[in-house]
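Visitor: Sequence first, predicted coordinates after that:
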Amino acid sequence: MDRLIAPIEIKEAKADGTFTGYAAVFGNVDLGHDVLLPGAFKSMKLTSDGMVRIAMNHNLKQLAGKAKCTQDSRGLRVEGQLALGVSYVRDAYELMKAGVLDGLSVGFDILEGGASYEERDGRWVREIGAAELWEFSLVPFGMNPEALVETVKAATNIRDFEAQLRGLGYSQREAKSLAAGGFKSLGHRDGGLDSETLADEFIHLTQALTWN
């Protein structure tokens, strides 16, 4: 299953656990250099009442609710209902309303012939034009370049940066390796880095850690 992560865009959140917004925005390039084209979701895996499942961190053993999903010119619009009777969902919803839990990740399969590559501004981007949506998940960090910049800027020293990496789901070993190898390169230098360069360097660090 492929995933594309973007910041949550909640238009309205009510006390009963309902919310509206966009789970994916068309044309937004994520850190994996993937971008959804308008109308990309040609089919969806639905519940018996025609809704898309909402999960926590793509863990289908930790479902959070369901949503009506439609596509418009902007993206995948959702009208969600969270199961607030479940304690971890209730906690997550409070974090959403507080702006702390601010990432959404869409889980999908690319249909045959549904993706192609295009060069944009000197880099290759995978354009996804035909996919089947499985679910969308609440995640602790919207891995888009702008959000990454703000997180890195918030880290004032290597230990702070390491702690933030742990908060993104990295193990202690991974966080130590990434922090030791990348704290200075990830923007803590005179003048800083633009968001695109910063995102690329973060990807390279993560890949190097995985390959080692």
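Guide: Thanks, I have the structure now. Residues are numbered from 1 along each chain as shown.
Visitor: For the biggest strand by length in the chain, C-alpha coordinates in CSV please.
Guide: Secondary structure of the chain per DSSP state E: the longest strand is strand 59-71. Extracted in CSV, the C-alpha atoms of strand 59-71 (Å, rounded to 0.1, in the frame of the first residue of the first chain):
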residue,chain,number,x,y,z
ASN,A,59,-2.9,0.4,11.9
LEU,A,60,-6.1,-1.2,10.9
LYS,A,61,-6.3,-2.8,14.4
GLN,A,62,-6.7,0.7,15.7
LEU,A,63,-9.6,2.1,13.7
ALA,A,64,-10.7,5.6,14.6
GLY,A,65,-14.0,6.1,12.7
LYS,A,66,-15.3,6.4,9.2
ALA,A,67,-15.9,9.2,6.6
LYS,A,68,-17.8,10.1,3.5
CYS,A,69,-15.2,10.9,0.9
THR,A,70,-15.8,12.9,-2.3
GLN,A,71,-13.4,14.5,-4.8
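Visitor: List the buried residues of it.
Guide: 63-67, 69, 71 (16 or more other CB atoms under 10 Å). Yep, even glycine has a C-beta here, placed from its N, CA and C like the rest.
Visitor: now swap in stretch 19-32 and tell me
Guide: For stretch 19-32, by 16+ other CB under 10 Å, it's 19-26, 28-31.
Visitor: Tell me which of those fall in strands.
Guide: Judged by DSSP E, strands contain the following of the buried residues of stretch 19-32: 19-25.
Visitor: Please tabulate those residues in TSV and include distance to G85 and pLDDT as additional columns.
Guide: Below are these laid out as TSV (distance: CB to CB, whole Å; pLDDT from 0 to 100):
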residue	distance to G85	pLDDT
F19	16	81
T20	21	81
G21	22	80
Y22	26	82
A23	22	84
A24	27	85
V25	30	85
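Visitor: could I get those residues as CSV with distance to P140?
Guide: Supplementary listing: those in CSV, determined by distance: CB to CB, whole Å:
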residue, distance to P140
F19, 17
T20, 21
G21, 17
Y22, 19
A23, 16
A24, 18
V25, 19
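Visitor: And the furthest pair within those residues?
Guide: F19 and V25 (16.1 Å; CB to CB).
Visitor: Do you know the pLDDT at the closest residue to L101 other than its chain neighbours?
Guide: Closest residue in space to L101, ignoring its immediate chain neighbours: L95 at 3.7 Å, by CB to CB, 6 or more residues apart in numbering. Looking at L95, its pLDDT stands at 82.
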